[in-house]
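Undergrad: sharing a model prediction with you, sequence too.
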Amino acid sequence: MAHIDAVKTTTSERILYYTGLTHKIGEVHDGAATMDWMVQEQERGITITSAATTAFWNFGGDKYKINLIDTPGHVDFTVEVERSLRVLDGAIATFCAVGGVEPQSETVWRQADKYNVPRIAYVNKMDRAGANYLEVARQMRDILGANPCPVELPIGAEEHFKGVADLVTMKALYWHDETLGAEYEVDEIPADMLDECREWRDKMLEAIAEFDDDLMAKYFDDPSTISEDEIRRALRKATLQMAVVPMLCGSSFKNKGVQPLLDAVCAYLPSPEDAGEVEGHVPGTDTVVTRQPREDEPLCALVFKIATDPYVGRLVFFRVYSGKMESGSYVYNARSGKKERISRLFQMHSNHQNPMEVIGCGDIGAGVGFKDVRTGDTLCSEQRPMALEAMDFPEPVLGIAVEPKTQNDLDRLGVGLQKLAEEDPTFQVETNDETGQTIIRGMGELHLDIILDRLRREFKVECNQGRPQVTYKEAITAPVELREVFKKQTGGRGKFADIICRVEPVDEDFEGNLQFIDEVKGGDIPKEFIPSIQKGFTTAMRNGVLAGYPVETLKVTVLDGSYHPVDSDQLSFEICAIQAFKKACAQAKPVLLEPIMKVEVVTPEENMGDVIGDLNKRRGQVQGMETSRSGARIVKATAPLAEMFGYVTSLRTITSGRATSTMSFSHYAEVARPIAEKVLGEVQGRVELLK
């Protein structure tokens, strides 16, 4: 996991080559990387979808099995990192020796924190001008709040980078260029580096001493008696507790440093047994149940990805936490409550399927034959069902209208969009009720560009597309108390509901969408109708009063009301709540909210004024400026997404192609009155509500 262009895929290619999975190194820039199998990835030289594979590596006399997932670095495909970290036990965080900790490095680091994933750091590109290994360690401490523990030091840097000094064995490693780094020699550490290596070895021992009592005793008595195995044991313990991050370095493109990285994966990252028991609950209840990572336990597996393969159809990727998955067997879906038959099982190697009869405990596999399975579903034993915690996915921030170029493509477009939405939880498809248009929503311009490209190539649908539209939201800013009565007489049994409620902005510490409070005393409204009122407000929040955009958060307090013993029912109170929402929000000073992006621009000093001027024109607010190690200026700002379309092209023009930028979603904020009026101007009459 890493920021874009930190050479994750190149490192993965070396791992495949040195573990014997491939017999030729594929390069990203040639479009020949094994893990970048999609046509779009090969053309653009970026990773778009996470690719899984399984490799074997010998370390310390034992053979280790490694399930590896190569994830994208681009912020538009952050969902791939999210779901991969949810099912993996450990991570290699890759950093560029020149760029250090970049914006997307922070994002993936927080995602790993969220799922408590132990990690090791690999500082890549040590051969590039401006490479500084120890500066990256400082940035990890200051920016990420991590505790990096260098277990290697580079021998030389930039064009003089020759190899690495291993602080555990106190040996130097030099790679042979003629064997593409497959062979390397172990030698003594150069004399001019010996003092520095001893100093950093001492710091490493000090950092891990508290995790092993024997090592601590030896550290204070005589550090020279500490064995390599004792160091590795203590480092492993500290890594598993997420107290330290072992730090290695290399240059994957120049084939240096990858084998010690594989050794470190085996030595320090957790196996499924180290990850321990998995916790879930009995479906439909709050009863907590656990499973041990053993094959004799009942089956429990989590679906983390769905992909459409042109040859085998719908591929469902899963991680087995306990028990084993067998081809031809039936599994129970905890969400749907239905049994599913697995017709075939595969172990994946990028986009190649290796047929398997059994996927064992702790492994990642893919299956075919599932009818009703979604990302985040738990597959388990019907006799002892359990549901694992599902994944959280970010909301899309950008939408465009699409239509097929010919009427004949209409059905194919629907099928294609449905399959793509199944694969990607951050991609949503909806039909606008007012215009009848099909709107697709995603995480950014690149995300939607890839979706349209896939529609054209995989589903043979040519589309016309509209201008990108920002996903606005609505909010209220003032409290309103009102009474709403819903009465309908049609002869015979009628409809009746009466509620008095207060609608206001949510409390600051509330997390969620609807903060619902029931303060009805006595039997004025029977208890069975209260959930219907809540459901009515939840439904109504999907369409705000200004322009039909969703209302993000709302606090509703039901104070009182009345009912009719014959005419009142659940539907009456639900409709009454929807009407109350519309009236209350219209009086509660509604405002429009727009997505604000966090922007980071790296620009030469002489272009800085132009870059800041351009950001100001786009309603951007500069948060701060720094100087990078290479002398370039880093401008950090926030700006509304609505103003940032085509920003990359504009930035290249201003700086003659010398500046780079990254953009990620930050938060929603209120839109200024003139701009809100302009946005709502198309919806006649709604501007009055703003006033």
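TA: Good, I have the coordinates.
Undergrad: taking the centroid of this protein, which residue is nearest it?
TA: Residue closest to the mean C-alpha point of the chain, counted by Cα atoms, centre = their mean, is E82 at 3.0 Å.
Undergrad: from the chain's centre, how far out does the host helix or strand of it sit?
TA: Using DSSP states H and E, E82 sits within helix 78-87. Computed by Cα atoms, centre = their mean, to the nearest Å, the separation of helix 78-87 from the middle of its chain amounts to 5 Å.
Undergrad: helices or strands up against that helix?
TA: Here helix 78-87 touches helix 103-114, strand 300-309, going by 3 or more Cβ pairs under 8 Å, 6 or more residues apart in numbering; DSSP states H and E. Heads up, the C-betas are built off the backbone N, CA and C, glycines and all.
Undergrad: sorry, back to before: right, and the residue nearest to the centre of the chain touches F393 too?
TA: Yes - the pair E82 / F393 is scored as a contact, 6.7 Å apart, by Cβ atoms under 8 Å.
Undergrad: look up how far R652 lies from R236.
TA: In this view, R236 and R652 are 47 Å apart by Cβ to Cβ, to the nearest Å.
Undergrad: okay, now Q570: neighbour count?
TA: 15 (other Cβ atoms under 10 Å).
Undergrad: hang on, the earlier thing: more neighbours, R236 and R652?
TA: Legend: neighbour count by other Cβ under 10 Å for R236 and R652, higher for R236 (22 against 14).
Undergrad: neighbours around the closest residue to Q570 other than its chain neighbours, how many?
TA: Nearest residue to Q570, sequence neighbours excluded (Cβ to Cβ, 6 or more residues apart in numbering): S532, at 4.1 Å. Neighbourhood size, S532 [other Cβ under 10 Å]: 19.
Undergrad: remind me which residues of this protein are low pLDDT?
TA: 23-44, 433-435, 629-631, 682-691 (pLDDT under 70).
Undergrad: which one's the longest strand in it?
TA: strand 590-603 (DSSP state E).
Undergrad: for that one, packing partners?
TA: Strand 590-603 packs on strand 473-476, helix 608-617, strand 633-640, helix 647-655, strand 660-670, helix 673-680, helix 687-690, going by 3+ Cβ pairs under 8 Å, 6+ apart.
Undergrad: quick one: which of the ones you listed is nearest P246?
TA: strand 660-670 (27.2 Å; Cβ to Cβ).
Undergrad: measure stretch 468-481 end to end?
TA: 38 Å (Cα to Cα, to the nearest Å).
Undergrad: for that stretch, list every residue counted as buried.
TA: P468, V470, T471, Y472, K473, E474, A475, I476, V480 (16 or more other Cβ atoms under 10 Å).
Undergrad: check contacts around the third one.
TA: The contact partners of T471, by Cβ atoms under 8 Å, 6 or more residues apart in numbering, come to E395, P396, V397, L398, G399, R441, Y549, P595.
Undergrad: if I look at it, how far off is P246?
TA: 41 Å.
Undergrad: same deal with the first one?
TA: Between P468 and P246 the computed distance is 43 Å (Cβ to Cβ).
Undergrad: quick revisit: after the helix holding E82, next one along is what?
TA: Counting by DSSP H and E, what follows helix 78-87 is strand 91-96.
Undergrad: between helix 78-87 and that next one, find me the angle.
TA: 140 degrees (axes from the mean of the first three to the mean of the last three Cα atoms, to 10 degrees).
Undergrad: what is the host helix or strand of F537 packed up against?
TA: Here F537 is covered by helix 530-540, with elements defined by DSSP H and E. Secondary-structure packing of helix 530-540 (3+ Cβ pairs under 8 Å, 6+ apart): strand 514-518, strand 554-562, helix 570-587.
Undergrad: which stretch among the ones you listed comes nearest Q621?
TA: Using Cβ to Cβ, the helices and strands packed on helix 530-540 put strand 554-562 closest to Q621, at 27.8 Å.
Undergrad: quickly run through the sheet partners of that closest one, with directions.
TA: strand 495-504 (antiparallel), strand 514-518 (parallel) (DSSP bridges).
Undergrad: on that earlier part again, how far does the longest strand of the chain sit from the chain's center?
TA: Relative to the mean C-alpha coordinate of its chain, strand 590-603 is positioned 19 Å out (Cα atoms, centre = their mean).
Undergrad: without its sequence neighbours, what residue ends up closest to S562?
TA: Nearest one to S562, counting by Cβ to Cβ, 6+ apart, is D498 at 4.4 Å.
Undergrad: so that neighbour bridges to which residues?
TA: Here D498, judged by DSSP bridges, has bridge partners V485, S562.
Undergrad: let the chain start at 12 from now.
TA: I'll keep to 12 as the first residue from here, and by that count the last item is D509.
Undergrad: what residue of the chain is the furthest out?
TA: Max distance from the centre of the chain (Cα atoms, centre = their mean): G502, 55.5 Å.
Undergrad: which of the three states applies to that residue?
TA: coil (DSSP: H, G, I helix; E, B strand; the rest coil).
Undergrad: P407 now?
TA: coil.
Undergrad: how many neighbours does it have?
TA: The number of residues packed near P407 is 21, by other Cβ under 10 Å.
Undergrad: which one is it nearest to, not counting chain neighbours?
TA: R452 (3.7 Å).
Undergrad: didn't the one you found look like it was pressed against G410?
TA: Yes - in this structure R452 lies within contact range of G410 using Cβ under 8 Å: 4.2 Å.
Undergrad: pretty sure N475 contacts T417?
TA: No - the pair N475 and T417 does not pass the contact test of Cβ under 8 Å, sitting 10.3 Å apart.
Undergrad: give me the neighbour count for R121.
TA: Using other Cβ under 10 Å, R121 has 10 neighbouring residues.
Undergrad: next: T298.
TA: Neighbours of T298 using other Cβ under 10 Å come to 10.
Undergrad: measure it to E563 for me?
TA: 33 Å.
Undergrad: mind listing what the closest residue to I15 other than its chain neighbours touches?
TA: Computed as Cβ to Cβ, 6+ apart, the closest residue to I15 that is not its neighbour in sequence is G84, at 3.5 Å. By Cβ under 8 Å, 6+ apart, the contact list for G84 reads A13, H14, I15, D16, A17, K19, I57, T58, Q115, V119.
Undergrad: what's the most distant pair in the residues you listed?
TA: Applying Cβ to Cβ across the contacts of G84, the maximum distance is between I57 and V119, 15.2 Å.
Undergrad: I219 falls within a helix, correct?
TA: Yes - secondary structure of I219 (three-state DSSP): part of a helix.
Undergrad: roughly how far apart are it and I461?
TA: 44 Å.
Undergrad: specify the local secondary structure of D403.
TA: Here D403 is recorded as coil under three-state DSSP.
Undergrad: next, count neighbours for it.
TA: Residue neighbour count, defined by other Cβ under 10 Å, stands at 10 for D403.
Undergrad: roughly how far does the residue nearest to it when sequence neighbours are not counted sit from Y343?
TA: Distances taken as Cβ to Cβ, 6+ apart place E93 nearest to D403, at 7.6 Å, with adjacent residues excluded. Going from E93 to Y343 by Cβ to Cβ gives 26 Å.
Undergrad: follow-up on the earlier one: from S347, how far out is the residue nearest to I15?
TA: From G84 to S347 the distance is 34 Å (Cβ to Cβ).
Undergrad: next: P405.
TA: Distance of P405 to S347, given as Cβ to Cβ: 25 Å.
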